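S.K.: Build the 3D model from these lines:
(one chain, ligands or ions: 2)
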Amino acid sequence: MRVAFVGKGGSGKSVLSGTLARVLARRGRRVLALDVDTMPGLAFSLGIPIRDAGMPEELGERQEGRGWVVRDGVTAEELVERYAVSAPDGVLFLQLGKLPSRVKPGSTTAFRHVLEEFRADGWSLVGDLAGGTRQPFFGWGDFAQVIAVVVEPSAKSLLSARRLAGLAGTVDGTTVGIVANKVRGEDDLRLIAQGATLPLIGVVPFDEEFAAADRAGRALLDVAPGSPAVTAVESLAASLEHVVANGSTA
Ligand SMILES: Nc1ncnc2c1ncn2[C@@H]1O[C@H](COP(=O)(O)OP(=O)(O)OP(=O)(O)O)[C@@H](O)[C@H]1O
Ligand SMILES: [Mg+2]
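M.R.: Ligands and ions are numbered 1, 2, ... in the order given. All right, here's what the predicted structure looks like:
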């Protein structure tokens, strides 16, 4: 399964992708969690120390007529083996890394190579993209079979979701759907269902435990494994499996 989380800043992409990655691993999958955001945050939600660095700049080179490519034919599998770090539940973690002051093309090329080429048998990919439309519209979510647009009950978040709905139909075999997050009741869910133009894949309640985990800089699964949000992410994992198997949200 390959899934990418997109949506407005602060909607919950990192906490949901980190929790989902570990839930999928607990369901027996081998999982590579990818922080595609240049403001790294997914590590917190996985429960590992935060680091700024991406892969070494020297991995990429600019070739005449081809643009930036990975040097010496290094494969995506080799990059994962060398540079991914271990997170709880057996998840592997790789990040694009912080941009110091300007884009690092070599390191970025290597990371994009993993997104586009890492298809090792039996592995699931969970990507946490930067907030807003820029990264998704530049194809950083195209690796996924499901693009999950995280929406919280707010007019601004719904506006982002309607823009991101433009991703639907742009990549063959990719389903784009909504994950309603921070839902406090029926009214919130109705607001999201009526305001969004995409099918609903999952619903995650507002959960104070997320705030507690966030304050501590820890993973929700380590702080409150029995919380309602964890149960909701388990259901989300099941719906995503259904979407991937059937190619639809029905
Ligand atoms: N279901 C929820 N219940 C309560 N709080 C939540 C829930 N989901 C996310 N949050 C809180 O919302 C805040 C933003 O979450 P998160 O960092 O995952 O968002 P993001 O979409 O990754 O943001 P960014 O675009 O800045 O990377 C955090 O404080 C998180 O704890
Ligand atoms: Mg984030």
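S.K.: any chance you could map the helices in the chain?
M.R.: 13-26, 42-46, 76-83, 105-117, 134-137, 155-164, 186-195, 208-216, 220-223, 228-246 (DSSP state H).
S.K.: Direction included, what does the lengthiest strand in the chain pair up with?
M.R.: Criterion DSSP state E: the longest strand present in the chain is strand 175-183. Strand 175-183 pairs in its sheet with strand 146-151 (parallel), strand 200-205 (parallel), by DSSP bridges.
S.K.: and the helices of the chain, which one's lowest on average pLDDT?
M.R.: Lowest mean pLDDT within the helices of the chain: helix 208-216, at a mean of 90.
S.K.: which parts of that one are buried?
M.R.: Buried residues in helix 208-216, counted by 16 or more other C-beta atoms under 10 Å: 209-210, 213. The way it works is simple: take the backbone N, C-alpha and C, and place the C-beta from them, glycine included.
S.K.: just those now: which is nearest ligand 2?
M.R.: Phe210 (12.7 Å; C-beta to the ion).
S.K.: For the closest one, list the residues it contacts.
M.R.: Residues counted as contacts of Phe210 (C-beta atoms under 8 Å, 6 or more residues apart in numbering) are 12, 15, 220, 227, 229.
S.K.: From what I see, the last one and Val223 are in contact.
M.R.: What that stands for is Ala229. No. Using C-beta atoms under 8 Å, Ala229 makes no contact with Val223, being 10.7 Å away.
S.K.: Comparing those two, which residue is more hemmed in?
M.R.: Applying other C-beta atoms under 10 Å to Ala229 and Val223 shows that Ala229 carries more neighbours, namely 25 against 17.
S.K.: ok, now which ones touch the residue nearest to the more buried one when sequence neighbours are not counted?
M.R.: The spatial neighbour of Ala229 that comes closest, neighbours along the chain excluded (C-beta to C-beta, 6 or more residues apart in numbering), is Asp207 at 3.7 Å. With C-beta under 8 Å, 6+ apart as the criterion, the residues that contact Asp207 are 220, 224, 227-229.
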